[in-house]
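1. Sequence plus predicted model, see below.
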Amino acid sequence: MKEAPVLAIVVPCYKEEAVLHETHKRLSQLLDRLTTEERISSKSYILYVNDGSTDRTWEIIKEFYKNTSYACGLNLAGNVGHQNALMAGLNAVKERCDAAISIDADLQDDVNVIPEMIERYMEGNDIVYGVRRERKTDTFFKRTTALAFYRLMKTMGAKSVYNHADYRLMSSRAIQQLCRFRERNLYLRGLVPLIGYQTACVYYNRDKRFAGESKYPFKKMLNFAIDGITSFSVKPVRMIFWLGCIFLLIALCVTIWTLRAYFLHDTVPGWSSLMISLWLVGGTILVSLGIVGEYIGKIYIEVKNRPRYNEEELLLR
Ligand code: UDP
Ligand code: MG
């Protein structure tokens with residue numbers, strides 16, 4: 001049996017003064033329970049990452065740090081967005097824990113599956129995804145847009161876990177591997193599956209945000225989706241290429257049809273040449289763009305400089 005792990009809970013917070021007290025209460029209670037049951041080490045802690053909030057968030061975190069157990073804090077110098085804040089937190093804990101769980105400050109994700117996550121981790125899983133069973137509490141709009149997005153991601157060829165957001169447990173070695181991805185445009189739920197290692201899922205029902213409001217308005221969500229697709233796939237470029245090919249094919253048909261009409265004297269002057277050049281030039285431009293895009297795609301992959309592989313085990317003599 002493995003020793004009880006040191007658990008770090010990483011909580012990105014942006015203008016969350018309305019929810020932090022309740023969040024800290026619930027997380028502390030949970031850690032209390034888990035340490036008394038000796039399922040996690042008593043050195044476990046919660047790291048609140050303040051993502052440049054303009055309200056009292058950081059003051060509250062400092063209060064927790066002074067007056068309560070478990071609480072730790074990281075104050076970022078400005079607002080860098082959820083994904084970067086999360087990454088900052090994971091980076092800070094990676095050598096100070098055995099496993100880390102990332103969770104939103106509003107506790108929309110059910111904390112009661114944390115014990116199950118730890119169980120899965122103890123069974124030898126390096127990454128445990130929290131997956132939403134249903135999205136009844138989300139608005140119809142958020143539900144359908146989210147579903148459409150997961151579908152789109154899949155057709156675009158990016159690996160991602162369906163209905164999983166950023167609620168997950170990662171072992172320290174998985175986080176260290178994650179930190180080797182040096183790209184700027186972070187889309188963590190697409191990166192994590194690239195790490196490899198044995199993974200598991202736990203299922204929960206997503207709650208309503210209990211106070212405060214969503215920091216992900218539609219515009220941010222849309223940007224996030226575009227980020228997700230363009231960071232993981234050069235398929236849109238290839239689509240341009242194939243569109244160009246289709247245009248060239250049409251150009252061929254149009255040419256034959258136009259020439260036939262021309263020789264049957266069924267046309268007005270100037271129409272045939274315009275018709276043919278329009279389709280030919282259009283198709284050629286699209287195909288050329290596709291080819292150029294293919295090279296840009298290659299450059300894109302190179303500059304991201306992602307790790308080529310991740311070693312699981314190496315047996316040497
Ligand atoms: N968040 C952050 N920086 C931002 C926006 C959001 O750290 O610029 C945090 C926020 O405090 C919360 C989490 O990201 O802990 C998720 O945000 P929210 O709950 O508003 O998103 P939703 O659940 O509505 O998608
Ligand atoms: Mg939320």
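-> Okay, I see it. Ligands and ions are numbered 1, 2, ... in the order given.
2. For the closest residue to ligand 2 within the stretch 201-317 of the chain, which non-adjacent residue is spatially closest?
-> Closest to ligand 2 within the stretch 201-317 of the chain is Arg209: 5.1 Å, counting by C-beta to the ion. (Each C-beta comes from the backbone N, C-alpha and C, glycine too.) With sequence-adjacent residues excluded and distances taken as C-beta to C-beta, 6 or more residues apart in numbering, Arg209 is closest to Asp106, at 4.4 Å.
3. coming back round to it: burial measure for the residue of the stretch 201-317 of the chain closest to ligand 2, as a count.
-> Residues near Arg209, counting by other C-beta atoms under 10 Å, number 17.
4. ditto for Glu302
-> If you count neighbours by other C-beta under 10 Å, Glu302 ends up with 9.
5. Let me know the helix or strand that it is in.
-> Element membership of Glu302, judged by DSSP states H and E, is helix 271-304.
6. Next, the buried residues of that helix.
-> By 16 or more other C-beta atoms under 10 Å, the buried positions in helix 271-304 come out as Ser272, Met275, Ile276, Trp279, Leu280, Gly283, Leu286, Val287, Leu289, Gly290, Gly293, Gly297.
7. SS state for the residue nearest to Arg209?
-> Here Asp106 is recorded as coil under DSSP: H, G, I helix; E, B strand; the rest coil.
8. That one against Tyr216, yeah?
-> No. At 10.8 Å, Asp106 does not count as touching Tyr216 under the criterion of C-beta atoms under 8 Å.
9. Those two - which one has more neighbours?
-> Set Asp106 next to Tyr216 and count neighbours by other C-beta under 10 Å: Asp106 wins out with 23 against 13.
10. Strands of the protein, start to end?
-> For the chain, the strands defined by DSSP state E occupy 7-13, 45-50, 71-75, 99-102, 127-132, 164-171, 199-204.
11. Now mean neighbour count and distance to ligand 2 too, for those strands, in TSV please.
-> Listed next are these as TSV, based on neighbours: other C-beta atoms under 10 Å; distance: least, C-beta to the ion, whole Å:
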stretch	mean neighbour count	distance to ligand 2
strand 7-13	27	11
strand 45-50	25	15
strand 71-75	19	20
strand 99-102	26	13
strand 127-132	24	12
strand 164-171	23	9
strand 199-204	18	14
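12. and the protein, which residues reach ligand 1?
-> Counting by C-beta under 6 Å from any ligand atom, the chain comes close to ligand 1 at 12-14, 16, 51, 79, 81-82, 85, 104-106, 108, 214-216.
13. May I ask which two of those residues are separated the most?
-> Spanning the widest gap among these are Asn79 and Gln108, at 20.5 Å by C-beta to C-beta.
14. With neighbour numbers in mind, choose between these two.
-> Using other C-beta under 10 Å as the criterion, Asn79 and Gln108 rank with Gln108 on top: 19 against 16.
15. if I pick the more buried one, what's in contact with it?
-> Taking C-beta atoms under 8 Å, 6 or more residues apart in numbering, we find Gln108 in contact with Thr137, Arg206, Asp207, Lys208, Arg209.
16. now with 10 Å?
-> By C-beta atoms under 10 Å, 6 or more residues apart in numbering, the contact set of Gln108 is Val19, Arg132, Thr137, Asp138, Ala165, Tyr167, Arg206, Asp207, Lys208, Arg209, Phe210, Ser214.
17. Which of those sits closest to ligand 1?
-> Ser214 (3.3 Å; C-beta to the nearest ligand atom).
18. so that closest one touches Ala105, yeah?
-> No. Using C-beta atoms under 10 Å, Ser214 is not in contact with Ala105, being 11.7 Å away.
19. More neighbours: the two, which one.
-> Comparing Ser214 with Ala105 by other C-beta under 10 Å, the one with more neighbours is Ala105, at 26 against 12.
20. can you pull out the helices in the stretch 1-150 of the chain?
-> Per DSSP state H, counting those that start in this stretch, the stretch 1-150 of the chain carries helices over the ranges 20-36, 57-67, 82-93, 114-122, 140-155.
21. quick one: buried residues of the fourth one?
-> Okay, so that is helix 114-122. Neighbour-count burial for helix 114-122 flags Ile114, Pro115, Glu116, Met117, Ile118, Arg120, Tyr121 (criterion: 16+ other C-beta under 10 Å).
22. Please apply the same query to the last one.
-> The neighbour-count criterion (16+ other C-beta under 10 Å) identifies Ala146, Phe149, Met153 as the buried residues of helix 140-155.
23. From the contact counts, what lies against it?
-> Helix 140-155 sits against helix 218-232, with contacts defined as 3 or more C-beta pairs under 10 Å, 6 or more residues apart in numbering; DSSP states H and E.
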